[in-house]
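Asker: output the structure for:
(one chain, ligands or ions: 2)
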Amino acid sequence: MIIVQISDLHVGSQFLPEKFETLVNEVNQLNPDFIVVTGDLTNEGLMKEYEQCKKLLTKINAKKIITISGNHDYRNTGYLLFKKYFPFETVNELNDKVVLVTLGTARPDRNEGEVGYRQNLWLERTMKKYKDKVKILAMHHHLVAIPDTGSDQLTVVDAGDVLRTILDTGVDLVLCGHKHRPWVWNFGKLMVVNAGTATSERVRGLFDNTYNIITIDDMNVKVDLKIVGGKRVPIDDIVTNYSQFGDE
Ligand SMILES: [Fe+2]
Ligand SMILES: [Fe+2]
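Answerer: Ligands and ions are numbered 1, 2, ... in the order given. Below is the predicted model:
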(Lines give C-alpha, C1' and ligand atoms only; values in the text may rest on other atoms or scores of the structure.)
(Ligands and ions follow the chains in the order given, each with its own letter.)
Protein backbone atom coordinates (compact mmCIF):
# COMPACT_ATOMS: atom_id res chain seq x y z
CA MET A 1 0.00 0.00 0.00
CA ILE A 2 1.25 3.47 -0.85
CA ILE A 3 0.08 6.54 1.06
CA VAL A 4 1.32 9.97 0.03
CA GLN A 5 1.40 12.67 2.71
CA ILE A 6 1.25 16.17 1.33
CA SER A 7 1.02 19.15 3.63
CA ASP A 8 0.75 22.91 3.87
CA LEU A 9 -0.31 23.65 0.31
CA HIS A 10 -1.22 27.22 1.35
CA VAL A 11 -3.39 27.84 -1.71
CA GLY A 12 -3.57 31.64 -1.91
CA SER A 13 -0.91 34.32 -1.98
CA GLN A 14 2.09 32.10 -1.14
CA PHE A 15 1.10 29.19 -3.37
CA LEU A 16 3.47 27.99 -6.10
CA PRO A 17 1.29 26.66 -8.97
CA GLU A 18 4.19 25.22 -11.01
CA LYS A 19 5.29 23.17 -7.98
CA PHE A 20 1.76 21.85 -7.68
CA GLU A 21 1.79 20.72 -11.34
CA THR A 22 5.08 18.87 -10.80
CA LEU A 23 3.67 17.35 -7.61
CA VAL A 24 0.52 16.10 -9.37
CA ASN A 25 2.54 14.45 -12.15
CA GLU A 26 4.89 12.77 -9.70
CA VAL A 27 2.17 11.57 -7.34
CA ASN A 28 -0.03 10.22 -10.14
CA GLN A 29 2.94 8.26 -11.50
CA LEU A 30 3.34 6.62 -8.09
CA ASN A 31 -0.25 5.41 -8.36
CA PRO A 32 -0.86 5.77 -4.60
CA ASP A 33 -3.77 4.15 -2.79
CA PHE A 34 -4.40 7.06 -0.45
CA ILE A 35 -3.45 10.70 -0.02
CA VAL A 36 -3.43 12.43 3.33
CA VAL A 37 -3.25 16.21 3.34
CA THR A 38 -2.14 17.34 6.80
CA GLY A 39 -3.59 20.84 6.94
CA ASP A 40 -3.06 24.42 5.81
CA LEU A 41 -4.74 23.67 2.50
CA THR A 42 -5.41 27.41 2.20
CA ASN A 43 -3.37 30.44 3.18
CA GLU A 44 -6.10 32.57 4.74
CA GLY A 45 -9.14 30.32 5.05
CA LEU A 46 -10.99 32.31 2.38
CA MET A 47 -13.81 30.90 0.27
CA LYS A 48 -12.03 31.54 -3.04
CA GLU A 49 -8.98 29.68 -1.73
CA TYR A 50 -11.12 26.73 -0.62
CA GLU A 51 -12.75 26.62 -4.06
CA GLN A 52 -9.42 26.70 -5.85
CA CYS A 53 -7.91 24.07 -3.57
CA LYS A 54 -10.87 21.73 -4.01
CA LYS A 55 -10.49 22.00 -7.79
CA LEU A 56 -6.72 21.46 -7.65
CA LEU A 57 -6.98 18.31 -5.52
CA THR A 58 -9.26 16.63 -8.10
CA LYS A 59 -6.15 16.38 -10.33
CA ILE A 60 -4.61 13.81 -7.98
CA ASN A 61 -5.68 10.22 -8.57
CA ALA A 62 -6.18 8.03 -5.51
CA LYS A 63 -8.88 5.87 -3.94
CA LYS A 64 -9.39 8.47 -1.25
CA ILE A 65 -7.97 11.85 -0.31
CA ILE A 66 -8.09 12.40 3.45
CA THR A 67 -7.86 16.05 4.48
CA ILE A 68 -7.21 17.64 7.87
CA SER A 69 -7.61 21.30 8.75
CA GLY A 70 -4.71 23.55 9.74
CA ASN A 71 -4.52 26.84 11.62
CA HIS A 72 -4.45 28.80 8.34
CA ASP A 73 -7.65 27.10 7.16
CA TYR A 74 -9.37 28.20 10.37
CA ARG A 75 -8.63 31.91 9.93
CA ASN A 76 -11.39 34.36 9.08
CA THR A 77 -14.11 31.91 10.19
CA GLY A 78 -12.60 29.46 7.70
CA TYR A 79 -13.45 26.61 10.11
CA LEU A 80 -17.04 26.88 8.91
CA LEU A 81 -15.92 26.50 5.30
CA PHE A 82 -13.57 23.57 5.91
CA LYS A 83 -16.43 21.25 6.84
CA LYS A 84 -18.32 22.28 3.71
CA TYR A 85 -15.47 21.94 1.22
CA PHE A 86 -13.58 19.03 2.77
CA PRO A 87 -15.91 16.79 4.72
CA PHE A 88 -13.83 14.03 6.32
CA GLU A 89 -14.02 10.94 8.48
CA THR A 90 -11.84 10.73 11.57
CA VAL A 91 -11.42 6.93 11.38
CA ASN A 92 -10.32 5.51 8.02
CA GLU A 93 -9.89 1.74 7.72
CA LEU A 94 -7.58 1.66 4.70
CA ASN A 95 -7.67 -2.14 4.43
CA ASP A 96 -8.05 -5.02 6.87
CA LYS A 97 -4.58 -4.37 8.32
CA VAL A 98 -4.19 -0.57 8.34
CA VAL A 99 -6.17 2.19 10.02
CA LEU A 100 -5.59 5.93 9.72
CA VAL A 101 -7.11 8.14 12.42
CA THR A 102 -7.14 11.94 12.25
CA LEU A 103 -7.09 14.49 15.06
CA GLY A 104 -8.32 18.07 14.85
CA THR A 105 -5.67 20.31 16.41
CA ALA A 106 -6.57 23.67 14.82
CA ARG A 107 -8.70 26.15 16.75
CA PRO A 108 -10.34 29.23 15.18
CA ASP A 109 -7.99 32.24 15.03
CA ARG A 110 -5.29 30.57 17.07
CA ASN A 111 -1.94 29.42 15.75
CA GLU A 112 -1.04 26.88 18.40
CA GLY A 113 -2.49 23.38 18.31
CA GLU A 114 -4.55 21.55 20.90
CA VAL A 115 -5.99 18.06 21.08
CA GLY A 116 -8.03 18.51 24.25
CA TYR A 117 -9.08 16.16 27.03
CA ARG A 118 -12.13 14.68 25.31
CA GLN A 119 -10.46 14.10 21.95
CA ASN A 120 -7.53 12.45 23.69
CA LEU A 121 -9.89 10.07 25.53
CA TRP A 122 -11.62 9.32 22.23
CA LEU A 123 -8.22 8.64 20.62
CA GLU A 124 -7.36 6.15 23.35
CA ARG A 125 -10.66 4.30 22.97
CA THR A 126 -10.42 4.32 19.17
CA MET A 127 -6.83 3.08 18.91
CA LYS A 128 -7.50 0.29 21.41
CA LYS A 129 -10.06 -1.15 18.98
CA TYR A 130 -7.29 -1.66 16.40
CA LYS A 131 -4.83 -3.53 18.57
CA ASP A 132 -3.34 -5.85 15.96
CA LYS A 133 -3.38 -3.40 13.05
CA VAL A 134 -0.95 -0.85 11.69
CA LYS A 135 -2.12 2.38 13.35
CA ILE A 136 -1.45 5.74 11.73
CA LEU A 137 -2.39 9.01 13.35
CA ALA A 138 -2.48 12.23 11.31
CA MET A 139 -2.71 15.79 12.68
CA HIS A 140 -1.74 19.25 11.51
CA HIS A 141 0.35 20.60 14.37
CA HIS A 142 3.62 18.95 15.24
CA LEU A 143 3.61 16.76 18.31
CA VAL A 144 7.31 17.10 19.06
CA ALA A 145 9.50 20.17 18.46
CA ILE A 146 11.71 20.20 15.38
CA PRO A 147 15.29 21.46 14.94
CA ASP A 148 15.97 24.86 13.35
CA THR A 149 12.49 26.20 13.95
CA GLY A 150 13.27 28.73 16.64
CA SER A 151 11.77 29.14 20.10
CA ASP A 152 8.78 27.07 19.25
CA GLN A 153 5.54 27.71 21.13
CA LEU A 154 3.19 26.34 18.49
CA THR A 155 3.48 22.63 19.16
CA VAL A 156 0.37 20.79 20.39
CA VAL A 157 -0.06 22.40 23.83
CA ASP A 158 -1.12 19.12 25.45
CA ALA A 159 1.54 17.05 23.64
CA GLY A 160 2.48 15.13 26.79
CA ASP A 161 -1.01 13.67 27.24
CA VAL A 162 -1.31 12.81 23.57
CA LEU A 163 2.13 11.22 23.37
CA ARG A 164 1.29 9.05 26.38
CA THR A 165 -1.90 7.85 24.65
CA ILE A 166 -0.02 7.18 21.42
CA LEU A 167 2.68 5.10 23.11
CA ASP A 168 0.20 3.28 25.35
CA THR A 169 -2.02 2.24 22.43
CA GLY A 170 0.88 1.17 20.18
CA VAL A 171 0.48 3.71 17.39
CA ASP A 172 3.04 2.97 14.66
CA LEU A 173 3.24 6.24 12.79
CA VAL A 174 2.25 9.86 13.49
CA LEU A 175 2.05 12.23 10.52
CA CYS A 176 2.27 15.98 11.20
CA GLY A 177 2.62 19.14 9.15
CA HIS A 178 2.61 22.80 10.15
CA LYS A 179 6.34 23.51 10.55
CA HIS A 180 7.13 23.29 6.81
CA ARG A 181 10.25 21.41 7.82
CA PRO A 182 10.54 17.68 7.09
CA TRP A 183 11.85 15.60 9.99
CA VAL A 184 11.48 12.28 11.76
CA TRP A 185 11.75 11.22 15.40
CA ASN A 186 12.04 7.52 16.18
CA PHE A 187 10.77 6.34 19.57
CA GLY A 188 11.26 2.58 19.40
CA LYS A 189 8.34 1.23 17.40
CA LEU A 190 6.79 4.69 17.03
CA MET A 191 7.83 7.01 14.21
CA VAL A 192 6.79 10.70 14.35
CA VAL A 193 7.09 12.12 10.85
CA ASN A 194 6.83 15.77 9.83
CA ALA A 195 6.10 16.84 6.29
CA GLY A 196 7.54 19.93 4.65
CA THR A 197 5.38 22.27 2.64
CA ALA A 198 4.60 20.74 -0.76
CA THR A 199 3.67 23.86 -2.67
CA SER A 200 4.23 27.07 -0.72
CA GLU A 201 7.14 29.46 -0.62
CA ARG A 202 7.17 29.27 3.17
CA VAL A 203 9.99 26.68 3.29
CA ARG A 204 12.17 26.39 6.37
CA GLY A 205 15.35 24.53 7.22
CA LEU A 206 15.39 22.40 4.11
CA PHE A 207 15.02 24.83 1.27
CA ASP A 208 12.95 22.69 -1.03
CA ASN A 209 9.29 21.80 -1.35
CA THR A 210 8.80 18.22 -0.23
CA TYR A 211 6.26 15.50 0.56
CA ASN A 212 6.39 12.03 2.09
CA ILE A 213 5.81 8.62 0.54
CA ILE A 214 4.70 5.93 2.99
CA THR A 215 4.93 2.31 1.90
CA ILE A 216 3.24 -0.39 3.98
CA ASP A 217 4.22 -3.92 3.11
CA ASP A 218 2.33 -6.42 5.24
CA MET A 219 2.94 -4.81 8.69
CA ASN A 220 6.16 -2.96 7.82
CA VAL A 221 6.05 0.81 7.48
CA LYS A 222 8.67 2.71 5.47
CA VAL A 223 8.76 6.48 4.92
CA ASP A 224 10.61 8.27 2.13
CA LEU A 225 11.08 11.99 1.67
CA LYS A 226 10.57 13.30 -1.87
CA ILE A 227 11.69 16.69 -3.10
CA VAL A 228 9.15 18.09 -5.56
CA GLY A 229 11.00 17.77 -8.88
CA GLY A 230 14.02 16.23 -7.10
CA LYS A 231 15.39 13.17 -5.35
CA ARG A 232 13.70 10.57 -3.15
CA VAL A 233 15.53 9.42 -0.01
CA PRO A 234 14.63 7.46 3.14
CA ILE A 235 13.43 10.14 5.57
CA ASP A 236 15.97 8.94 8.19
CA ASP A 237 18.70 10.28 5.89
CA ILE A 238 17.89 13.90 6.73
CA VAL A 239 18.50 13.13 10.40
CA THR A 240 21.62 11.00 9.85
CA ASN A 241 23.13 13.51 7.41
CA TYR A 242 21.99 16.55 9.38
CA SER A 243 23.88 19.76 8.80
CA GLN A 244 22.79 23.28 9.52
CA PHE A 245 22.40 25.54 6.52
CA GLY A 246 25.78 27.09 5.78
CA ASP A 247 27.79 24.24 7.36
CA GLU A 248 30.58 22.77 5.26
FE1 LIG B 1 1.49 25.87 7.12
FE1 LIG C 1 0.03 25.54 10.21
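Asker: may I see the buried residues of the helix or strand harbouring residue 221?
Answerer: Assigned by DSSP states H and E, residue 221 belongs to strand 220-227. Buried residues in strand 220-227, defined by neighbour count with 16 or more other C-beta atoms under 10 Å: 221, 223-227. Glycine gets a C-beta too; all of them are placed from N, C-alpha and C.
Asker: which residue is nearest the middle of this protein?
Answerer: residue 38 (3.2 Å; C-alpha atoms, centre = their mean).
Asker: do I have it right that that residue meets residue 180?
Answerer: No: with contact defined as C-beta atoms under 8 Å, residue 38 does not reach residue 180; the gap is 11.3 Å.
Asker: hey, what's in contact with both of these two?
Answerer: Contact criterion C-beta atoms under 8 Å, 6 or more residues apart in numbering; residues shared by residue 38 and residue 180: residue 8.
Asker: could you find the closest non-adjacent residue to residue 1?
Answerer: Closest residue to residue 1 apart from its sequence neighbours, by C-beta to C-beta, 6 or more residues apart in numbering: residue 216 at 4.5 Å.
Asker: show me what from this protein comes close to ligand 2.
Answerer: 40, 70-71, 178 (C-beta under 5 Å from the ion).
Asker: residues in contact with residue 229?
Answerer: Neighbours of residue 229 in contact, by C-beta under 8 Å, 6+ apart: 19, 22, 26.
Asker: let's see it at 10 Å
Answerer: 18-19, 21-23, 25-26, 208-209 (C-beta atoms under 10 Å, 6 or more residues apart in numbering).
Asker: also residue 155?
Answerer: 105, 112-113, 141-146, 149, 176, 178-179.
Asker: element containing residue 99, please.
Answerer: Going by DSSP H and E, residue 99 is in strand 98-102.
Asker: sheet partners, orientation included, of that strand?
Answerer: When pairing is defined by DSSP bridges, strand 98-102 lines up against strand 91-93 (antiparallel), strand 134-138 (parallel).
Asker: pick the most deeply packed of these.
Answerer: strand 134-138 (a mean of 25; mean count of other C-beta atoms under 10 Å).
Asker: what's downstream of it, the next helix or strand?
Answerer: Next along the chain from strand 134-138, counting by DSSP H and E, comes helix 159-168.
Asker: mind listing the helices for the protein?
Answerer: Counting by DSSP state H, the chain has helices at residues 17-30, 47-57, 78-85, 117-128, 159-168, 236-240.
Asker: I'd like those as JSON lines, with mean pLDDT and mean neighbour count appended.
Answerer: As requested, those are exported to JSON lines (pLDDT from 0 to 100; neighbours: other C-beta atoms under 10 Å):
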{"stretch": "helix 17-30", "mean pLDDT": "98", "mean neighbour count": "16"}
{"stretch": "helix 47-57", "mean pLDDT": "97", "mean neighbour count": "17"}
{"stretch": "helix 78-85", "mean pLDDT": "93", "mean neighbour count": "17"}
{"stretch": "helix 117-128", "mean pLDDT": "98", "mean neighbour count": "15"}
{"stretch": "helix 159-168", "mean pLDDT": "97", "mean neighbour count": "17"}
{"stretch": "helix 236-240", "mean pLDDT": "93", "mean neighbour count": "14"}
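Asker: what does this structure put close to ligand 1?
Answerer: Taking C-beta under 5 Å from the ion as the contact definition, the chain meets ligand 1 at 8, 40.
Asker: before we move on, back to that, in the strand holding residue 99, what's buried?
Answerer: 98-102.
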